[in-house]
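# Here is the input, now give the coordinates:
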Amino acid sequence: MSFTTDFNHLPAMIEALDKTLADVVKATAAQVASDGSGNAPVLTGTLAASMYYTTDTGETTYSPSGGTHDMPPMETPPGGDGVHTADVGSSVDYGIDVEMGTHDMAAEPYMVPAAESNRDGFTSSASSAIGSALEALGEA
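Predicted structure coming up:
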């Protein structure tokens, strides 16, 4: 007489990994917004206070610097099916001019350096989070 039991943990693994990666994307977006705020050149403080991030889950967080700049609702970036995204930026219309410069003004990049400085941290956090989620599921 033989007895065999099969457990399919794949749905639980997919759900755990999906949430874990969504959390990593959100945390990285928050850090990029905060770093962008800190990098922004300050004349009045409006640019630094205008940072936001929006995740594919529809959550929008404004002004990590604690500013009070009014912003319109942001569109939700595409995502779903295990793909997690976030948009990070400034809500002021001149933010791109400061970042990229114009024919009258030199560029003063603040967002690109913020994103680049978080690239390795994102990769490391995602790898660690995936490993931890898989280990936790292996123990279940």
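# residues contacting Met111?
Residues near Met111 by Cβ atoms under 8 Å, 6 or more residues apart in numbering: Val32, Gly36, Asn39, Val88, Gly89, Ser90, Gly95, Glu99. All C-beta spots, glycine's among them, are computed from the backbone N, C-alpha and C.
# now it: how far from Glu99?
6 Å (Cβ to Cβ, to the nearest Å).
# now Ser117
Taken as Cβ to Cβ, the span from Ser117 to Glu99 is 15 Å.
# Asp97: how many residues sit nearby?
Counted with other Cβ atoms under 10 Å, residues neighbouring Asp97 total 14.
# that's a strand at it, yeah?
No. Under DSSP: H, G, I helix; E, B strand; the rest coil, Asp97 sits outside any strand and is assigned helix.
# My guess is it contacts His103. True?
No. With contact defined as Cβ atoms under 8 Å, Asp97 does not reach His103; the gap is 10.3 Å.
# Show me what the mean pLDDT comes to for whichever helix in the chain runs longest.
Longest helix in the chain by number of residues (criterion: DSSP state H): helix 10-39. Mean pLDDT, computed over helix 10-39, is 88.
# list the buried ones in the following helix or strand past that helix?
Heading C-terminal from helix 10-39, the first helix or strand you meet, by DSSP states H and E, is helix 46-49. By neighbour count on 16 or more other Cβ atoms under 10 Å, the buried set for helix 46-49 is Thr46, Leu47, Ala48, Ala49.
# circling back to that earlier point, which secondary structure elements does the longest helix of the chain sit against?
Applying 3 or more Cβ pairs under 8 Å, 6 or more residues apart in numbering; DSSP states H and E, one finds that helix 10-39 contacts helix 46-49, strand 51-55, strand 86-90, helix 111-117, helix 119-139.
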